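In: Next comes the sequence, and after it the predicted model I'd like to discuss.
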Amino acid sequence: MKKLWFVTPAWSRYDLSKICFAQRRWVCDELAKSGIEANCVVICDDANIDIAESFGFHIVIQNNEYLGRRFNDGYRYAARKKADYVVTIGSDSWIHPNLILALIPQRYNRIKYSRLLSVVRSDGEERLDLDVLYQGGGQRVYPLQLFKKLGYRPIPDNLERACDGATFDTLSTLEDRVTWETIPDRHLELVGFQSNLQITKYDNLKGRWCTNVSKTPFRGLHKLYPNNFIRAIQAFYAHRIW
């Protein structure tokens, strides 16, 4: 059975973490039905520790100073657990198991990626559907073997943001040439839920990658995700205080 690990830096946003970690637990359980042993390592040093452990996830204790260091710590942890694949995803996002299955590469140096993702605004009143056009944009599954010669630390430890781009740059320097393959559109199989603490600015995404703006941000999710998750995320925005 192949092993896949989600690598998730987390900081604060505890109510949102609870919802997204519950959805992540469901993804892991669904992937097991398809022969993928999936787990998640959460890199944090706050109350997200208890939340993650309540769903059976693993912890690497690290502060919130550098995002690059936290991703690298997660990769190294996954390597110690003999992972075959790693998936980077935040504590504010949902991903569908079918997207993961579609992204698993057949060759270690050929990476598949999905360009589509959706983002719900921090007030819960609007959703952007995005087509991230650059190579590797959106979501991908990394064969962990790619990072072995890098000590499983493909990102500068002192990087505070833009970790995806830094990873792509590092992969371009490897002797084994990495190739990229985009997969067909998979709408709403990757959804980010913004809150009052956000690195990526909503308006920047809207101006750069947006293909559709929806004033009914939760429409369509019921076709993909269990209803208890949808009710929970709607309640999260209904009770927001920012």
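Out: Thanks, I have the structure now. Numbering: from 1, shown residues only.
In: hey, what's the residue nearest to Thr216 when sequence neighbours are not counted bridged with?
Out: If you skip the residues right next to it in sequence, Thr216 has Arg127 as its closest partner in space, 7.9 Å away by Cβ to Cβ, 6 or more residues apart in numbering. Every residue, glycine included, has its C-beta placed from N, CA and C. Beta-bridge partners for Arg127, by DSSP bridges, are Val120, Ser214.
In: OK, contacts around the residue in the chain sticking out farthest from the centre?
Out: Among residues of the chain, the one most distant from the C-alpha centroid is Glu175; the distance is 27.1 Å, by Cα atoms, centre = their mean. By Cβ atoms under 8 Å, 6 or more residues apart in numbering, the contact set of Glu175 is empty.
In: Tell me how far it lies from Ala166.
Out: When distances are taken as Cβ to Cβ, to the nearest Å, Glu175 and Ala166 turn out to be 19 Å apart.
In: just Asp157 next, same as before
Out: When Cβ to Cβ is applied, the distance between Asp157 and Ala166 equals 11 Å.
In: now do Gln106
Out: 26 Å.
In: got it, and Tyr152?
Out: Distance of Tyr152 to Ala166, given as Cβ to Cβ: 15 Å.
In: and if you look at Asn109?
Out: Between Asn109 and Ala166 the computed distance is 19 Å (Cβ to Cβ).
In: How about the secondary structure of Asp29?
Out: Remark: Asp29 carries the secondary structure label helix [criterion: DSSP: H, G, I helix; E, B strand; the rest coil].
In: which residues sit in contact with it?
Out: Residues in contact with Asp29, defined by Cβ under 8 Å, 6+ apart, are absent; none qualify.
In: Could you report the separation of it from Gly192?
Out: For Asp29, the distance to Gly192 - Cβ to Cβ - is 22 Å.
In: Also Arg24?
Out: Between Arg24 and Gly192 the computed distance is 13 Å (Cβ to Cβ).
In: So which residues of the protein form helices?
Out: Along the chain, the segments classed as helices by DSSP state H run 14-32, 48-54, 67-80, 97-103, 163-171, 202-209, 227-238.
In: Ser93 against Gly192, yeah?
Out: Yes: look at Ser93 against Gly192 with Cβ atoms under 8 Å: they come within range, at 4.7 Å.
In: Please identify which of these two sits among more neighbours.
Out: Gly192 (22 against 19; other Cβ atoms under 10 Å).
In: Verify the contact between the more buried one and Ser91 for me.
Out: No: counting by Cβ under 8 Å, Gly192 sits too far from Ser91 to count as a contact (10.4 Å).
In: Fine by me, thanks again.
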